[in-house]
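Colleague: Pasting a predicted model and its sequence here:
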Amino acid sequence: MLKSMSAVKQAIPAEIGGETDAAMTERIATARAVAGRKVLPIVEGVVLIAALLAPLVLQDYLTVFATRVVILALFALSFDLVWGYAGIMSFGQALFFGSAGYGVALLARDLDVTNIFLVLPAGTLIGLTFSLLLGGFLLLGRHPSSVIFVSLGTLTGSYAADRLARGWYYLGGQNGIPSIAPMTLGGYEFSEGPAFYYLVLGILVVVYLLCRFLVRSQFGLALAGLRENEQRIAFFGYKAQHLKAIIFAIGGAVAGLAGSLYAFHEGFVWPNMVGVVVSTQVVLYVLFGGSGTLIGAVIGTVIVEGVSFWLSDNYRDIWPIILGVLLLLVILFRPLGLISFVLGERERVGSFGATIKGKRNAAP
């Protein structure tokens, strides 16, 4: 076999048109990486410009709806980090989202704490704490956890939180906690409208950029390898379960931030916020838009919520059926989501490594 391989190598010309095979391979890989990098910023820029202009063209009630969608897009980012980049199917993402909402609602109700610089960090910390506890239990055992075990574990956690919230009088039981005081900044109160919209949009942009930096770092490269082949990453010496626990905790913190904003925007919290329905809802957002790209989660949230709003207004009796059929068709024929129409598979990994002669090495 070695002789045959040697013969094959000798049969291949060392140079083709004056260019070595190695140089051609590097040039093609670099060109593909550069081409891939051109598409994603354009999509992100178009989405950002549309988001900035939305309140200028939308009616007041649609601006309120758009604010809710932006908050849910932030929530979808948390799930895309966990599933799209680490391959962790979390059916309990609403646990961190809703627990943070309940936490800030209790701060506002019992302690009269509504300052934005207190409630948002508190909600983020609550989401981080709950995700660390659940992630430590599910992911940091003696033996590696299977996908099914983690999925069912997160699903059970979300269901248990839902039942607890419904049966705990202190949390309002079935009715939840209504009439939450507005979030404040000094003497200013954030009420529904353009001000609240641009606040959550600014937070989404900042979190998005931080997530983009994270997944394009060497840590993100390890996550990409973890998603594609966990055994190989473990063979290279990485502690795969620790990587999963870290990104699971980061996702929980982002979900907690989104839950805090959602509670103050809606003015009340209820048990569904921690339940299975909302956990499944965020999975559909990312499936529809496309996992492993971040922007796909944002686009999926906007499209699903927008189509749901339009269908419920025009086809009140059958709109869930129509929406379900649309989601099923997308999942069947575009398993990588709608974003795959414009972004290639390489966009899920990106480019890493040192710059050589002004060019960046593409990830294999």
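Modeller: The structure has been received and is ready for your questions. Residues are numbered from 1 along each chain as shown.
Colleague: can you give me the helices for the stretch 151-300 of the chain?
Modeller: Ranges of helices in the stretch 151-300 of the chain, per DSSP state H, counting those that start in this stretch, are 194-215, 218-228, 230-235, 240-266, 276-289, 295-314.
Colleague: ranking these by burial, who's on top?
Modeller: Per residue and on average, the most neighbours among those fall to helix 240-266, with a mean of 26 (mean count of other CB atoms under 10 Å). No exception for glycine: its C-beta is placed from N, CA and C like everyone else's.
Colleague: Now do that one: which elements does it pack against?
Modeller: helix 60-79, helix 93-110, helix 116-139, helix 194-215, helix 218-228, helix 230-235 (3 or more CB pairs under 8 Å, 6 or more residues apart in numbering; DSSP states H and E).
Colleague: Figure out which of those helices is closest to I331.
Modeller: helix 60-79 (15.7 Å; CB to CB).
Colleague: what about L164, how many neighbours?
Modeller: 12 (other CB atoms under 10 Å).
Colleague: How much space separates it from A50?
Modeller: Look at L164 and A50: by CB to CB, to the nearest Å, they are 40 Å apart.
Colleague: do L133 as well
Modeller: Taking CB to CB, one finds L133 at 38 Å from A50.
Colleague: V298 reaches L48, doesn't it?
Modeller: No. Assessed by CB atoms under 8 Å, V298 is found out of contact with L48, at 9.7 Å.
Colleague: Now do the same contact list for S191.
Modeller: P182 (CB atoms under 8 Å, 6 or more residues apart in numbering).
Colleague: start at 234 instead
Modeller: Fine by me, first position is 234 from now on; the one you just mentioned is S424.
Colleague: Would you reformat the helices and strands packed on helix 473-499 as TSV and include mean pLDDT and distance to V558?
Modeller: Below are these laid out as TSV (pLDDT from 0 to 100; distance: least, CB to CB, whole Å):
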stretch	mean pLDDT	distance to V558
helix 293-312	94	21
helix 326-343	94	24
helix 349-372	94	34
helix 427-448	94	30
helix 451-461	80	29
helix 463-468	74	35
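Colleague: which non-adjacent residue is nearest V315?
Modeller: Distances taken as CB to CB, 6 or more residues apart in numbering put G484 closest to V315, at 4.1 Å, once the chain neighbours are dropped.
Colleague: likewise G356?
Modeller: Per CB to CB, 6+ apart, closest to G356 is S493, 2.8 Å.
Colleague: ditto for I536
Modeller: F521 (6.4 Å).
Colleague: How much space separates that neighbour from G435?
Modeller: For F521, the distance to G435 - CB to CB - is 25 Å.
Colleague: do the same with A428
Modeller: Distance from A428 to G435, by CB to CB: 11 Å.
Colleague: And R445, by the same measure?
Modeller: From R445 over to G435 (counting by CB to CB), the distance is 16 Å.
Colleague: Next: S384.
Modeller: 34 Å.
Colleague: again, but for L544
Modeller: 30 Å.
Colleague: cool, G420 as well?
Modeller: For G420, the distance to G435 - CB to CB - is 20 Å.
Colleague: Y471 too?
Modeller: 35 Å.
Colleague: got it, and A283?
Modeller: From A283 over to G435 (counting by CB to CB), the distance is 15 Å.
Colleague: And for F501?
Modeller: 24 Å.
Colleague: try V448
Modeller: On the measure of CB to CB, V448 and G435 end up 21 Å apart.
Colleague: Same question for T513.
Modeller: 29 Å.
Colleague: Can you give me the end-to-end span of stretch 285-300?
Modeller: One end of stretch 285-300 to the other measures 12 Å (CA to CA, to the nearest Å).
Colleague: show me where pLDDT drops low in the chain?
Modeller: Under the criterion pLDDT under 70, the flagged ranges of the chain are 234-270, 578-597.
Colleague: change it to 80
Modeller: Applying pLDDT under 80 to the chain picks out residues 234-271, 374-379, 457-471, 473, 576-597.
Colleague: Nearest the middle, which residue of it would you pick?
Modeller: For the chain, the residue nearest the mean C-alpha position is L310 (2.0 Å; CA atoms, centre = their mean).
Colleague: Isn't it up against I528?
Modeller: No. Applying CB under 8 Å as the test, L310 and I528 come out as separate, 9.5 Å apart.
Colleague: Then L569 would be within a helix, right?
Modeller: No. Judged by DSSP: H, G, I helix; E, B strand; the rest coil, L569 forms no part of a helix; its state is coil.
Colleague: Would you list the phi and psi of the closest residue in space to it that isn't next to it in sequence?
Modeller: In this structure, L569 finds its nearest non-sequential neighbour in G523, 5.4 Å apart by CB to CB, 6+ apart. Dihedral angles of G523 (phi, psi; degrees, to the nearest 10) stand at phi 130, psi 120.
Colleague: G523 - how many residues pack around it?
Modeller: Around G523 there are 28 residues (other CB under 10 Å).
Colleague: quick revisit: V575 versus the residue nearest to I536, what's the distance?
Modeller: The value you get for F521 to V575, if CB to CB is used, is 15 Å.
Colleague: Also V537?
Modeller: From V537 to V575 the distance is 18 Å (CB to CB).
Colleague: show me what contacts L289?
Modeller: Contacts of L289 by CB under 8 Å, 6+ apart: none found.
Colleague: Using the three-state scheme, assign it.
Modeller: State at L289, reduced to three classes by three-state DSSP: helix.
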